[in-house]
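In: with the input below, show me the fold.
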Amino acid sequence: MYEELLKSEKDGKLVEVLKNLAQAEERHAEFWKKLAISRGISLPKIGYKQRIGAKLYKLFRTLFGISLTVKLLESTEQTVIRRYKEYLSMNSLSEEEKAELEQVLKDEVIHERLLTEEEFGFSNVRDTIYGVSDGLVEVLAAVSGFASVFVNPILVAAGGLIVGASGTLSMSVGAYLSTKSEEEISRSEGKKVEEQLELDRTSVFQVVKKALVEKGLSESTAEVAAQEIVKDDTKIKEFVCPPIKVSAKRSAMTTAFSYILGFIPPVLPYLAGLGGLTGLILSYTLSAIALLTVGFLVGVSSDVKPWKKSLEMFALGIGAALATHALGIVASIYLHINV
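Out: Okay, the predicted model is just below:
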């Protein structure tokens, strides 16, 4: 799998990580091969299922980018670690085999750290996924409700676009103000740190040390680390008030783009002039595909089983749309609305 990804990978950081993973996995394969032979088990050659699996990872990288691919690899390593821990408790393994397996387990833990410690811009991708999710669910429900009241597909499309535009503006403004507020707080904290450094460097040292202890470091280790940090004013500022990685404008633009991307599927059939049952079914079908895809990506990004999250989003999104559609039918009947 790692070798397949290496064939087309261009990102320098990920290439180095994948090389390390591939080399270690070769050693692990030798261990499992030796273990199987010692028990008279013949191992099959790599079949089409394994090859297809590796190709799917490569396709995933092409479609969804480096950040989510790294997250998916990280999830795979976590699963392997849990499985190896179970194997270690088996009585059928000799002491020598357990020692070798412990080394394999240590390698897998290192692999996971390699993937988690590298920065691949994951937070931006995650925000985009959630923006798409918001736009998709909200506009699908609105369009479904409009479809039960309006006969003309253009009116349904117009209603969906208005709801989508409203959501895009409100979400973008919210994202802009939120990020702007974070930037202002960060600048304010930075000025406070500068003043403290001029007046009392010891108090800053105590703040840094306390923060390191809260992160899980021992008193002695935190003290040594804090002493190293307070030597450099830049390091102190970055530690006490980390810089905001995304600007307010970029945050607003990302939110707007992702929200628009989300509300396109449910509106598309009506924009094409398809009304009635045909338009409704096609709108639900496109939205269902989008919900399953986005749900899978949310699962990957949040360390939840992707298919479980995928089905959950599908059920909730379609459920909300059906409920809104039912309300529209009730309104159409009792209020005599039929446009």
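
In: T69: what's its closest spatial neighbour, skipping adjacent residues?
Out: R61 (4.4 Å; CB to CB, 6 or more residues apart in numbering). Glycine gets a C-beta too; all of them are placed from N, C-alpha and C.

In: how much space between I260 and L271?
Out: 13 Å (CB to CB, to the nearest Å).

In: cool, I41 as well?
Out: For I41, the distance to L271 - CB to CB - is 59 Å.

In: same drill for the two, tell me which one is more crowded.
Out: Each of I41 and L271 has its neighbours counted (other CB atoms under 10 Å); L271 has more, 16 against 10.

In: now the residue nearest to T69: which helix or strand?
Out: Taking DSSP states H and E as the criterion, R61 maps to helix 48-88.

In: do D127 as well
Out: helix 122-147.

In: quick one: name whatever helix or strand follows that helix.
Out: helix 153-199.

In: quick check: which ranges of the stretch 1-150 of the chain have low pLDDT?
Out: For the stretch 1-150 of the chain, applying pLDDT under 70 flags the ranges 1-9, 11, 14, 43-51, 53-54, 63-68, 70-81, 108-126.

In: make it 90
Out: Per-residue confidence for the stretch 1-150 of the chain (pLDDT under 90) gives these ranges: 1-135, 137, 145, 147-150.

In: can you give me the helices for the stretch 201-339 of the chain?
Out: 201-214, 219-229, 233-240, 248-271, 276-301, 306-334 (DSSP state H, counting those that start in this stretch).

In: could you identify which of those is most buried?
Out: helix 248-271 (a mean of 21; mean count of other CB atoms under 10 Å).

In: if you count contacts, what does that one end up packed against?
Out: helix 122-147, helix 153-199, helix 276-301 (3 or more CB pairs under 8 Å, 6 or more residues apart in numbering; DSSP states H and E).

In: and that helix, how far from the chain's centre?
Out: In terms of CA atoms, centre = their mean, to the nearest Å, the centre of helix 248-271 is found 18 Å from the chain centre.

In: okay, the angle between that helix and helix 153-199?
Out: Counting by axes from the mean of the first three to the mean of the last three CA atoms, to 10 degrees, helix 248-271 lies at 170 degrees to helix 153-199.

In: what angle do helix 248-271 and helix 306-334 make?
Out: Using the same axes, to 10 degrees: helix 248-271 against helix 306-334 is 60 degrees.

In: state the mean pLDDT of helix 248-271.
Out: Mean per-residue pLDDT for helix 248-271: 89.

In: picking that back up, which neighbouring elements make contact with the helix holding D127?
Out: Packed next to helix 122-147, using 3+ CB pairs under 8 Å, 6+ apart, are helix 48-88, helix 153-199, helix 248-271, helix 276-301, helix 306-334.

In: can I get those helices in JSON lines with distance to L136?
Out: Shown next, in JSON lines, are the helices and strands packed on helix 122-147 (distance: least, CB to CB, whole Å):
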{"stretch": "helix 48-88", "distance to L136": "16"}
{"stretch": "helix 153-199", "distance to L136": "10"}
{"stretch": "helix 248-271", "distance to L136": "4"}
{"stretch": "helix 276-301", "distance to L136": "6"}
{"stretch": "helix 306-334", "distance to L136": "7"}
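
In: and V137, which of those is closest to it?
Out: helix 306-334 (4.8 Å; CB to CB).

In: which strands and helices sit next to the closest one?
Out: Packed next to helix 306-334, using 3+ CB pairs under 8 Å, 6+ apart, are helix 122-147, helix 276-301.

In: identify the residues contacting A326.
Out: Going by CB atoms under 8 Å, 6 or more residues apart in numbering, A326 touches S148.

In: re the thing from before, most packed of the helices and strands packed on helix 248-271?
Out: helix 122-147 (a mean of 23).

In: relative to helix 306-334, how tilted is it?
Out: 30 degrees.

In: how distant is helix 122-147 from the center of its chain?
Out: The mean C-alpha position of helix 122-147 is separated from the chain mean by 15 Å, CA atoms, centre = their mean.

In: state the distance from K106 to S92.
Out: For K106 relative to S92 (CB to CB), the value is 21 Å.
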